[in-house]
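let's see this in three dimensions:
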Amino acid sequence: MDVMTDAGQADVMDTVSTSAAILGAVSAYAIAAGLLTVLPGPDTAIVLATAIDRGRRDAVGAAFGVAVALLVWAAAASAGVAALLRASAELFTVFRIVCIAYLVWLAIRALRGALRQHRAAPASPGVDRPDAGETVPAAHAPRRKGGGFRRALVTGLLNPKLGVFFVVFLPQFVPRNVPTVPMTMLLGAVQAAEALVWYLLVGAIATAASRLLSRRSVRRAIEGATGAVFLFFAGRLALDA
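The predicted structure follows:
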């Protein structure tokens, strides 16, 4: 009887210890991942550009695209795909080239948009805004639904830095004696939730400031800066060993 009682107490202590370790790991990871989330990067550029160019609905879609990409990378890390990608030099090189090409393509799109704003005549028809000064043209080409989600999702999936992050950084927060796969997915879900909240906020602020951001000069500056950001990350990725 005493042996059974002692065994039960040991099980309870193990459960409490494991729960405390998981809670501590999740809390520490939430802080670290949150700080990394708010740092400007390609995801920020995508959400801002989507909010300005396509409006609130697509900006919300872009925020969800970022979050889903993080969940996919977490699942890939759990399945060992991310580690395999990092371990194979040839495969990782091919993946990096694809990522660089996509970032350059996004940069060209943004820079072409800035150039169009620069070349557009100030007298062209636009949306009447009493305090906006120069305005962007009122007519827009038809856009496919879900474009913001797709762009953000692809940008996140084609980011090898996330693969390295989930292979090198995240495992440090997985406690011993805790199943790796569910813990990795839990931490990935925490980061995805933080990213979703943050980028929903970023998109909402950009949408709320649409009157200012619709000025031709401001739009040109933002699109030019967005293109420069994508080129910067493409160049940094190309130079990384």
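
count of neighbours near Leu157?
Using other CB atoms under 10 Å, Leu157 has 18 neighbouring residues. C-beta here means a position set from N, CA and C on the backbone, and glycine is covered the same way.

before we move on, which element is the residue lying closest to it once chain neighbours are set aside in?
Spatial nearest neighbour of Leu157, chain neighbours left out: Ala69 (5.2 Å); criterion: CB to CB, 6 or more residues apart in numbering. In this assignment (DSSP states H and E), Ala69 forms part of helix 56-79.

quick check: mean pLDDT across that helix?
Mean pLDDT, computed over helix 56-79, is 93.

same thing with stretch 180-197?
Here stretch 180-197 scores 94 as its mean pLDDT.

which parts of the helix holding Ala69 are buried?
Using 16 or more other CB atoms under 10 Å as the test for burial, helix 56-79 gives 56, 58-78.

what distance do you get for the residue nearest to Leu157 to Gly203?
Between Ala69 and Gly203 the distance is 16 Å, computed by CB to CB, to the nearest Å.

per-residue confidence at Arg112?
You'll see Arg112 listed with a pLDDT of 82.

before we move on, back to that, dump the residue contacts of the residue nearest to Leu157.
Ala69 makes contact with Ala152, Leu153, Thr155, Gly156, Leu157, Asn159, Leu162 under the criterion CB atoms under 8 Å, 6 or more residues apart in numbering.

name the member of the residues you listed with the most neighbours.
Ala152 (27 neighbours).

ok, now which ones touch the spatially closest residue to Leu231 that is not a sequence neighbour?
The shortest distance from Leu231 to any non-neighbouring residue, by CB to CB, 6+ apart, is to Ala107 (4.4 Å). By CB under 8 Å, 6+ apart, the contact list for Ala107 reads Thr226, Gly227, Ala228, Val229, Phe230, Leu231, Ala234.

what strand or helix carries Ala107?
Element membership of Ala107 [criterion: DSSP H and E] is helix 89-119.

buried ones in that helix?
By 16+ other CB under 10 Å, the buried positions in helix 89-119 come out as 92, 95-96, 99-100, 102-104, 106-107, 109-111, 113-114, 117.

so which of those comes closest to Ala33?
When these are compared for distance to Ala33 (CB to CB), Cys99 wins out at 21.1 Å.

isn't the closest one right next to Leu237, touching?
Yes. Counting by CB atoms under 8 Å, Leu237 is a contact partner of Cys99 at 6.1 Å.

what is the helix or strand Ala204 falls within packed up against?
Element membership for Ala204, per DSSP H and E: helix 180-208. The contact analysis (3 or more CB pairs under 8 Å, 6 or more residues apart in numbering; DSSP states H and E) places helix 180-208 against helix 2-38, helix 42-54, helix 56-79.

can you list the weak-confidence ranges in the protein?
1-16, 82-83, 85-86, 117-146, 211, 213-214, 240-241 (pLDDT under 70).

tell me the buried residues in stretch 190-209?
So, applying 16+ other CB under 10 Å, buried residues of stretch 190-209: 190-192, 194-196, 198-200, 202-203, 206-207.

and the two most separated of those?
Maximum distance among the buried residues of stretch 190-209 (CB to CB): 26.2 Å, for Val190 and Thr207.
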